[in-house]
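Enquirer: only the shape, not the letters, is given here:
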């Protein structure tokens, strides 16, 4: 007999779920998510939750509390705060989540970077591959878990992809001539999710264009637009132009986008399944798993449980987005389990940037030496002149988002030297 190789699972046969009412959807959501969490709580020690002030991680914390009531193990939350709590809404919600959902907690601030600096650098050198996602905030969480001998850490990754629809559903409502519903959702989405009421007009115009612009023209127009977009992205990426041509970055990006498909799909659910199947879907889990394993932490993602993925992708659109709210079913399911301030929060600020900048200040002398050494191995991949310009801007306190390239450069330098790849 011969061996047969086949794909373990795919999204081809996921159909729209039909239940009698909202309550049945919500009960099923809790049951499947609870089972996904239970499977990931297996440990011979206490488990940790990466707890933020958002609905995703708070839901995991609330359900894991229930599951651990009869267990000898306990749940410990690890959370990050801003150095300026008074002006940080995220920090206030983190404290609310911790006080409501965690019996034992570890709280860190950007000051922890000074303590963990050497461990962070050592972790960068242990990555299995060059890491393009140098998230110092997450690395601090993972290293803190390791210090407290918490080798299992649950997070809320990819809930946005599975339980949200972005603005695509409004385009489909226009396409299906549900004009009143489309206008209402655009208005409420701008207010509740985007936290920018004036954004509804742009949302309406873009949704109408997506709904009624003929699909057969999109392959050409998208190809042209994306080509320009990718060229801009390439310039902003600081990648050395000759290296980019050698590995055909533009061609690979175009082919990856073509795999996703163009234009509006036949249904809202088909659009979300297509988004889930995009080649970039694995970037975040792979990156975070690589970072956590460098500190001997087993990172687990309950929302990526296959059963929960199938359930989420099969939900009718109005269970995911309703009244302008993303993840509507999760917010409703967590009633009386998660504080209302977290369930119905508008907008979000991130504290991670403070941790990144604290780390950059610590590596400043070493980073300057790397950048000034034009013969450094990293400049086989990075454009030295672009990096110089970025670094000079950073020194003048022009801290745009592009400064993260400096972290990536530093991480690559450490990885190359740790692996003895310098010729």
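Expert: Looks like it came in fine. These numbers were taken from a predicted model, which means no experiment stands behind them. Residues are numbered from 1 along each chain as shown.
Enquirer: what about the helices in the stretch 101-250 of the chain?
Expert: Applying DSSP state H, counting those that start in this stretch to the stretch 101-250 of the chain gives helices spanning 112-126, 136-147, 159-163, 168-175, 179-192, 200-212, 218-237, 241-246, 249-260.
Enquirer: need the residues that contact the second one.
Expert: Read it as helix 136-147. The contact list for helix 136-147 (CB atoms under 8 Å, 6 or more residues apart in numbering) reads 48, 50, 78, 80, 106, 108, 112-113, 116, 119-120, 123, 151, 153, 288, 291-292, 294-297, 299, 351-352, 355-356, 358-359, 407. In short, each C-beta sits where N, CA and C put it, glycine included.
Enquirer: I'd like the distance from that helix to the chain centre, please.
Expert: How far helix 136-147 lies from its chain's middle: 17 Å, per CA atoms, centre = their mean, to the nearest Å.
Enquirer: so residue 79 sits in a strand?
Expert: Yes - assessed by DSSP: H, G, I helix; E, B strand; the rest coil, residue 79 belongs to a strand.
Enquirer: what's across from it in the sheet?
Expert: Residue 79 forms beta bridges with residue 107, as assigned by DSSP bridges.
Enquirer: quick one: residue 311 from residue 42, how far?
Expert: Note on residue 311: its distance to residue 42, by CB to CB, to the nearest Å, is 21 Å.
Enquirer: actually residue 71, not the one I wrote
Expert: Relative to residue 42, residue 71 is positioned 11 Å away (criterion: CB to CB).
Enquirer: just the angle between the lowest-mean-pLDDT helix or strand in the chain and helix 249-260, please?
Expert: The weakest-scoring helix or strand in the chain, judged by mean pLDDT, DSSP states H and E, is helix 218-237 (a mean of 74). For the pair helix 218-237 and helix 249-260, the angle between their directions (axes from the mean of the first three to the mean of the last three CA atoms, to 10 degrees) equals 140 degrees.
Enquirer: does anything pack onto helix 218-237? Which helices or strands?
Expert: In terms of contacts (3 or more CB pairs under 8 Å, 6 or more residues apart in numbering; DSSP states H and E), helix 218-237 is packed against helix 249-260.
Enquirer: what's the mean pLDDT across the very next helix or strand once past the helix it packs on?
Expert: Per DSSP states H and E, the first helix or strand lying C-terminal to helix 249-260 is helix 268-276. Looking at helix 268-276 alone, the average pLDDT works out to 87.
Enquirer: for helix 268-276, which positions count as buried?
Expert: 268, 269, 270, 271, 272, 273, 275, 276 (16 or more other CB atoms under 10 Å).
Enquirer: which one of these is nearest to residue 341?
Expert: Lowest distance from residue 341 to the buried residues of helix 268-276 (CB to CB) belongs to residue 272, with 28.0 Å.
Enquirer: wait, that closest one touches residue 165, no?
Expert: Yes - in terms of CB atoms under 8 Å, residue 272 counts as a neighbour of residue 165; the distance is 6.1 Å.
Enquirer: joint contacts of those two?
Expert: Taking CB under 8 Å, 6+ apart as the contact criterion, the common neighbours of residue 272 and residue 165 are residue 320.
Enquirer: now residue 51: how far from residue 348?
Expert: The span separating residue 51 from residue 348 equals 15 Å under the rule CB to CB.
Enquirer: more neighbours: the two, which one.
Expert: Between residue 51 and residue 348, counted using other CB atoms under 10 Å, the more crowded position is residue 51 (29 against 12).
Enquirer: check contacts around the nearest residue to residue 303 once chain neighbours are set aside.
Expert: Using CB to CB, 6 or more residues apart in numbering and skipping the chain neighbours, the partner closest in space to residue 303 is residue 159 (4.6 Å). Listed by CB under 8 Å, 6+ apart, the contact set of residue 159 reads 55, 56, 303, 327, 330.
Enquirer: okay, residue 159 and residue 66: tell me how far apart.
Expert: Using CB to CB, which is the criterion applied here, residue 159 is 19 Å from residue 66.
Enquirer: what's the answer for residue 82, then?
Expert: Remark: distance between residue 82 and residue 66 (CB to CB) = 30 Å.
Enquirer: what about these two, which has more around it?
Expert: In this view residue 82 and residue 66 are compared by other CB under 10 Å, and residue 82 has more residues nearby, 22 against 13.
Enquirer: would you confirm that the more buried one contacts residue 93?
Expert: No - when contacts are counted by CB under 8 Å, residue 82 is not listed as touching residue 93 (11.2 Å).
Enquirer: which neighbours do the two have in common?
Expert: Common neighbours of residue 82 and residue 93 (CB under 8 Å, 6+ apart) do not exist.
Enquirer: for residue 83, helix, strand, or coil?
Expert: Secondary structure state of residue 83, per three-state DSSP, is coil.
Enquirer: what about it, how many residues nearby?
Expert: 14.
Enquirer: which ones are touching it?
Expert: Contacts for residue 83 (CB under 8 Å, 6+ apart) come out as 109, 110, 111, 354.
Enquirer: quick one: it and residue 77, what's the gap?
Expert: Noted for residue 83: a distance of 20 Å to residue 77, by CB to CB.
Enquirer: same question, residue 313
Expert: Between residue 313 and residue 77 the computed distance is 29 Å (CB to CB).
Enquirer: what's the local residue count around residue 117?
Expert: Neighbour count for residue 117, taken as other CB under 10 Å: 15.
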